[in-house]
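In: Coordinates for the following, if possible.
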Amino acid sequence: MSGESTDATGRARVVGREAKEEASATADVAGRAAEKTMETAGREVGAVVEEARHQADTMVRDMRTRVTEEADEQTHRAAETLRRWADDLADMAEHGRDDSPARTMVARTAHRGQRAARYLDHRGVEGVLGDLSRFARRRPGAFLAGAALTGLVVGRLARAGGGNGASPGADRSPERSATGGGTGDSAAPVVPP
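Out: Sure thing, here's the model as predicted:
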């Protein structure tokens with residue numbers, strides 16, 4: 001029986017070694033598979049992050065383009081409005097008395113308005129912002145004073161044009177109050193009291 005027990009012990013050792021080798025091979029395969037899965041997951045996460053970055057860049061670029069186009073459109077509208085007002089002022093000056101100081105002042109204002117409209121058309125919003133930026137760097141005090149004055153004027157015009165019924169004649173349209181009852185396209189702007 002000692003031969004059988006030695007034989008059984010030998011077989012147990014062989015089976016144990018084979019089981020150990022199988023376990024080691026399985027663990028090795030599992031380790032490589034886990035490694036490969038991590039690599040693949042890393043590449044996929046990198047691809048997703050890169051795609052998200054690309055989408056964000058595209059969205060920002062599109063948004064910047066839209067804002068610039070809208071600002072340019074608004075600038076051209078402002079130039080056109082300024083040009084119409086300047087034309088109206090020039091017509092008023094043309095029909096005024098030759099010796100009138102008001103006529104001279106209105107003619108100068110019309111000329112400046114035409115120049116400002118040409119400037120806006122030519123430079124666009126980026127040019128205007130660049131010029132403002134350079135001016136603000138050169139003369140910060142004058143820039144801040146001008147900005148404050150512009151804010152006051154715009155606020156005053158906004159309040160006057162709000163149509164809240166607080167000012168006399170608020171029930172009349174701007175064309176009627178500016179032209180004395182007509183409804184022409186070239187009405188002068190309503191000046192607040």
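
In: Residue ranges in the chain under the pLDDT threshold?
Out: Filtered on pLDDT under 70, the chain yields the residue ranges 1-5, 162-193.

In: Break down it into its strands, ranges please.
Out: Counting by DSSP state E, one finds no strands in the chain.

In: centroid residue for the protein?
Out: residue 67 (4.2 Å; Cα atoms, centre = their mean).

In: From residue 73, how far off is it?
Out: As judged by Cβ to Cβ, to the nearest Å, residue 67 and residue 73 stand 11 Å apart. For glycine as for every other residue, the C-beta is placed from the backbone atoms N, C-alpha and C.

In: what's near enough to touch the residue nearest to the centre of the chain?
Out: For residue 67, the contact set (Cβ atoms under 8 Å, 6 or more residues apart in numbering) is empty.

In: The one 4 residues further on too?
Out: Contacts were defined as Cβ under 8 Å, 6+ apart; by that measure residue 71 touches residue 125.

In: count of neighbours near residue 79?
Out: For residue 79, the neighbour count with other Cβ atoms under 10 Å is 19.

In: so it touches residue 117, yeah?
Out: Yes - when contacts are counted by Cβ atoms under 8 Å, residue 79 is listed as touching residue 117 (4.5 Å).

In: Now the common contact residues for these two.
Out: In contact with both residue 79 and residue 117: no residue, using Cβ under 8 Å, 6+ apart.

In: what are the ranges of the helices in the protein?
Out: 2-94, 101-138, 140-160, 174-179 (DSSP state H).

In: Give the buried residues for stretch 66-82.
Out: For stretch 66-82, the buried set under the neighbour-count rule, 16 or more other Cβ atoms under 10 Å, comprises 75, 78, 79, 82.

In: roughly how far apart are the first one and residue 146?
Out: Taking Cβ to Cβ as the measure, residue 75 and residue 146 are separated by 18 Å.

In: Repeat that for the third one.
Out: If you measure residue 79 against residue 146 using Cβ to Cβ, the figure is 20 Å.

In: follow-up on the earlier one: export the buried residues of stretch 66-82 to TSV and append columns for distance to residue 56.
Out: TSV is the format used below for the buried residues of stretch 66-82 (distance: Cβ to Cβ, whole Å):
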residue	distance to residue 56
75	28
78	32
79	34
82	38
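
In: which one among these gets closest to residue 8?
Out: Proximity of the buried residues of stretch 66-82 to residue 8 (Cβ to Cβ) peaks at residue 75, which lies at 97.9 Å.

In: Just to check, that closest one is in contact with residue 127?
Out: No - applying Cβ under 8 Å, one finds residue 75 not in contact with residue 127, separated by 9.3 Å.

In: Give me the common contacts of the two.
Out: Here residue 75 and residue 127 share no contacting residue, scored by Cβ under 8 Å, 6+ apart.
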